[in-house]
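Asker: sequence and predicted structure, then a few things I'm wondering about:
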Amino acid sequence: MSTVTELREREFDASHLARTLRRAVFEDNRIDQVPALAIAERALQEASQARAAAEAGVGHGSIVALNEESNLLGPTTTGIEVTVDLCMAAIPTALIHLFHSTTHPLIRCQARNASANIKRLRFICYVEGYSAHAVETIELDPLQSLPIRQLPTFFPDRLATVTELTRASVNIEVQDLDARTEIHRTVPIWLLARTTAPLQVQNPSTGKWLDMTPYLGAFVTPNAPAVMEFLPAVVANHPDKRLVGYQVDETEVARQVQAVFEALKASGTKYVNSVIEFTPEPGSANQRVRLPRESLRNTSANCIDGTVLVASLLEAISLHPAIVIVPGHAFVAWETFRNSGSWRYLETTMIPTHSFADACKRAETSAEKWQAEAATTPGLWKRLALRTLRAQGITPLE
């Protein structure tokens, strides 16, 4: 059986090969390499899953059960057993306000009353200097066991100062309200920079990666002042000088998307056809993403920057865009008509150098190939419809 170290090395090698093929497909336009990239991505998924299973088997990343180190909360003293797991070793500061404790807790506890008496416990969790206290008090019947999930509320003004990867401490307190005993422990975590969009966040208690790509929808900001101020340029590039959303037929809808394309081309926006690269931040796989206002101000963007920028402009004119994520790349889609379920695609990196028709053709060819590969390997293709993300509570960052 392979050791955790050997599995990590295997995962590293698989990741290196996948990155090489991503560059061949998306930087060199080697569409013929898509099947090879799909095979490499499958191998990377398998290697990651094997490593995660091995780490979970040895309890990698879990906080030691409190009763194992203390004679205060244990079955032989107070009759209470408490275990605590840290569920996020890296906090995505840009998006944490969108998370909920039921789905993305920071701390997960399991409390069990091993005695014949009713017990009362108080759980307190906070990130020192960055959050309020999350507090929950429970009453346990004899032999009853309950899970506790906590996610403290973070202070926006404190998180605004996190411009680079930052170390912080999670404080965890468990109090036995009847015996007046208390456990207080601190655990180090990372705070990701405010410009970081998490594509995956690792649960250190299981070693598994949690998919965070839907939260890219928060970087789509249709109501941001800079986006609204750019709309007159879009109107000027429309043949009829109007933007009316879905109040026209599919051909006229496409002409509005083309007006966005032409307005960005006229603005001198420069796009770099680069693959998505993960930043090497502990406990996460991330992409630095510019907000649309930053891309408009700097007139430059990579594939994910351009995707959220175009999606913002489409949503601002009442169309239904989507973010498409394939291995190492992102592009934008739009629903051809309201609630039609039919989609067209646009390669935003081609805006400065190609026609609207060419950019659509490139993206639609890519979409067709990746949807076919995803039929056998789920996860290689993600079309994140903004209308669905908004219904899930993923609201714009500004």
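Answerer: Good, I have the coordinates.
Asker: residues touching T377, list them.
Answerer: T377 makes contact with 38, 41-42, 45 under the criterion C-beta atoms under 8 Å, 6 or more residues apart in numbering. From N, CA and C alone the C-beta is placed, and that goes for glycine too.
Asker: filter those residues to the buried ones?
Answerer: Under a neighbour-count criterion of 16 or more other C-beta atoms under 10 Å, the subset of those counted as buried comprises 38, 41-42, 45.
Asker: closest one to E252 out of these, please.
Answerer: The nearest member of these to E252, counting by C-beta to C-beta, is A38 at 36.3 Å.
Asker: so what's the closest one closest to, chain neighbours aside?
Answerer: For A38, the nearest residue in space outside its immediate sequence neighbours is E373; the separation is 4.1 Å by C-beta to C-beta, 6 or more residues apart in numbering.
Asker: what's the helix or strand for the one you found?
Answerer: Secondary structure from DSSP states H and E places E373 in helix 356-374.
Asker: just the buried residues of that helix, please?
Answerer: Judged by neighbour count using 16+ other C-beta under 10 Å, the buried positions of helix 356-374 are 356, 359-364, 366-367, 369-370, 373-374.
Asker: quick one: end-to-end length of stretch 296-311, please.
Answerer: For stretch 296-311, the first-to-last residue distance is 13 Å (C-alpha to C-alpha, to the nearest Å).
Asker: what do you get for stretch 111-120?
Answerer: Span of stretch 111-120 from end to end, C-alpha to C-alpha: 11 Å.
Asker: circling back to that earlier point, with distance to W190 and pLDDT as added columns, please give the buried residues of helix 356-374 in TSV.
Answerer: Listed next are the buried residues of helix 356-374 as TSV, based on distance: C-beta to C-beta, whole Å; pLDDT from 0 to 100:
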residue	distance to W190	pLDDT
F356	42	97
A359	38	95
C360	40	96
K361	42	95
R362	37	92
A363	35	94
E364	39	95
S366	34	90
A367	35	93
K369	36	89
W370	32	89
E373	33	86
A374	31	87
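Asker: helices - which of the buried ones among the contacts of T377 land there?
Answerer: Secondary-structure check on the buried ones among the contacts of T377 using DSSP state H: residues within helices are 38, 41-42, 45.
Asker: for those, give me a markdown table that also has distance to A266 and pLDDT.
Answerer: Output for those, formatted as a markdown table (distance: C-beta to C-beta, whole Å; pLDDT from 0 to 100):
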| residue | distance to A266 | pLDDT |
| --- | --- | --- |
| A38 | 37 | 79 |
| E41 | 37 | 79 |
| R42 | 42 | 79 |
| Q45 | 42 | 74 |
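Asker: closest one of the residues you listed to A330?
Answerer: Sorting those by how near they are to A330, with C-beta to C-beta, puts E41 at the top with 15.1 Å.
Asker: ok, that closest one - contacts?
Answerer: For E41, the set of contacting residues under the criterion of C-beta under 8 Å, 6+ apart consists of 18, 327, 377, 379-380.
Asker: go with 6 Å
Answerer: With contacts taken as C-beta atoms under 6 Å, 6 or more residues apart in numbering, E41 has the following neighbours: 18, 327, 380.
Asker: what packs against the helix holding E373?
Answerer: Packed against helix 356-374, as judged by 3 or more C-beta pairs under 6 Å, 6 or more residues apart in numbering; DSSP states H and E, are the following elements: strand 343-346.
Asker: how about the strand it packs on as CSV, C-alpha atoms only?
Answerer: Listed in CSV are the C-alpha atoms of strand 343-346, where the atom choice follows Å, rounded to 0.1, in the frame of the first residue of the first chain:
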residue,chain,number,x,y,z
TRP,A,343,-26.9,28.3,-24.8
ARG,A,344,-24.3,30.0,-27.0
TYR,A,345,-20.7,30.6,-26.1
LEU,A,346,-18.1,33.3,-26.4
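Asker: report the helix or strand with the lowest average pLDDT across this protein.
Answerer: Taking mean pLDDT, DSSP states H and E as the measure, the chain has helix 66-69 as its least confident helix or strand, at a mean of 44.
Asker: what does the helix or strand Q175 falls within contact?
Answerer: Under the criterion DSSP H and E, the helix or strand holding Q175 is strand 166-176. Surrounding strand 166-176, the residues in contact under the criterion C-beta under 6 Å, 6+ apart are 78, 82, 84, 122-128, 130, 182-189, 191.
Asker: same deal with stretch 144-160?
Answerer: Taking C-beta under 6 Å, 6+ apart as the criterion, the residues outside stretch 144-160 that touch it are 93, 96, 101, 105-113, 123, 125-126, 130-132, 134, 136, 138.
Asker: so after the helix or strand where Y126 lies, what's the next helix or strand?
Answerer: When secondary structure is defined by DSSP H and E, Y126 falls within strand 119-127. In the C-terminal direction, the helix or strand that comes right after strand 119-127 (DSSP H and E) is strand 134-140.
Asker: perfect, I'm done here.
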